[in-house]
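A.B. asks: below is the sequence, then the predicted model.
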Amino acid sequence: MDKDIHVRLGQPTQSALVDVGKHKTRQHPTSVSIAGLDQQERQRHLDRIYRDPEFGPLNTYALQRLGDLRGKTVLEIGCGCGHMSAHFALLGARVIAIDTSEHELSLAKQRLSRFGVMESCQLLQCKAEELQVADHSVDVVYSRSTMQYVNREKAFSEFKRVLVPDGMLSLNENLPNNPVVMAYRCIRRLRAVKPEQKAYLASILGYINEKELEQLAREYTWSDHSEYHILRPLTIFISKYCCCKKGWVVVMDHCLKCVDDWLIQHIPATRRLAWFTSTFCSKPMQLSIPVEPSRGGPTPEKESHA
């Protein structure tokens, strides 16, 4: 089958695994009553997913691409405190959430329990390069701003190993060449004096680049992508780090977002200057090297949805 590869950024494109619990069909979270949360808290959750200035547009794009998640198994790489894992579960997915931090997994467990979806989720402390997940057991692998902390070659190989034959990979990741963000990264490095700050910087192995995305696309039968934030990081940083949410910042943010949208649509080469890419791949091709025996446990039971 010919591969439809759209990944070039300069081109415009429209511990062992255990049972994660039986799936229960849920409505979309805009109408579902989340256990233990009132309407205000539920709206804050949806705002964080869909209206967050940094990741809201990427989340929207990724969720649209992933489609109906009911009954599917979603593996989230670097789940942190569990915002996206909770959302995937609310959309009807069985979720395997991994992180290397015991503290973050503890926070994720609290959030998932508060949202009433813990029965549909499994938390694992492991690395993306050494997934404790069974071969061909996952429908979706999702990562958000995690790939800069891992050995991507090993991680991508693991993603292909755990995905089912028609599985999907969704990456919302930082790119290396945005001028505003590069300046911020430089300042952050110069101001890092505390041991924990230096340790964090040392944990960043590098940001995913165009060549890696092109190589990744060649390993799948179909891929697509969308880039975000060229000039808008200016107002995002002003609002986030200067705690300035005055009217002029809101107006300026809207203007820069419109300019970014125009640049990305009409001048494709500017995509290389974007802060983030949301890349989506499906149907991984057959591995050309022998796959090691599964390091995971039994594959989660599948349920039929006619």
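C.D. replies: Thanks, I have it. Numbering: from 1, shown residues only.

A.B. asks: identify the residues contacting residue 189.
C.D. replies: Neighbouring residues of residue 189 by C-beta atoms under 8 Å, 6 or more residues apart in numbering: residue 201. Heads up, the C-betas are built off the backbone N, CA and C, glycines and all.

A.B. asks: got the buried residues for the host helix or strand of it?
C.D. replies: Taking DSSP states H and E as the criterion, residue 189 maps to helix 179-190. Neighbour-count burial for helix 179-190, counted by 16 or more other C-beta atoms under 10 Å, picks out 180-181, 185.

A.B. asks: how about stretch 76-86?
C.D. replies: Using 16+ other C-beta under 10 Å as the test for burial, stretch 76-86 gives 76-86.

A.B. asks: who's in contact with it?
C.D. replies: For stretch 76-86, contacts defined as C-beta under 8 Å, 6+ apart pick out 45, 48-49, 59, 88, 95-100, 104-105, 107-109, 111-112, 115, 117, 121, 123, 128, 141-146, 149, 155.

A.B. asks: next, the buried residues of stretch 153-171.
C.D. replies: Buried-residue list, stretch 153-171, by 16+ other C-beta under 10 Å: 155-164, 167-171.

A.B. asks: also stretch 218-226?
C.D. replies: Of all the residues in stretch 218-226, those buried under the rule 16+ other C-beta under 10 Å are 219-221, 223-226.

A.B. asks: got the residue ranges for the strands in the chain?
C.D. replies: For the chain, the strands defined by DSSP state E occupy 73-77, 94-99, 121-125, 138-144, 163-174, 220-228, 276-284.

A.B. asks: so for residue 253, which of these sits nearest?
C.D. replies: Closest approach to residue 253 among the strands of the chain is made by strand 220-228 (13.3 Å; C-beta to C-beta).

A.B. asks: so how far is that closest one off the chain centroid?
C.D. replies: Averaging C-alpha positions (C-alpha atoms, centre = their mean, to the nearest Å) puts strand 220-228 14 Å from its chain's average.

A.B. asks: next: stretch 266-278.
C.D. replies: On C-alpha atoms, centre = their mean, the centre of stretch 266-278 falls 18 Å from the chain's centre.

A.B. asks: so for that stretch, what's the average pLDDT?
C.D. replies: Regarding stretch 266-278, the rounded mean pLDDT is 96.

A.B. asks: what's the first-to-last distance across it?
C.D. replies: With C-alpha to C-alpha, to the nearest Å applied, stretch 266-278 spans 18 Å between its terminal residues.
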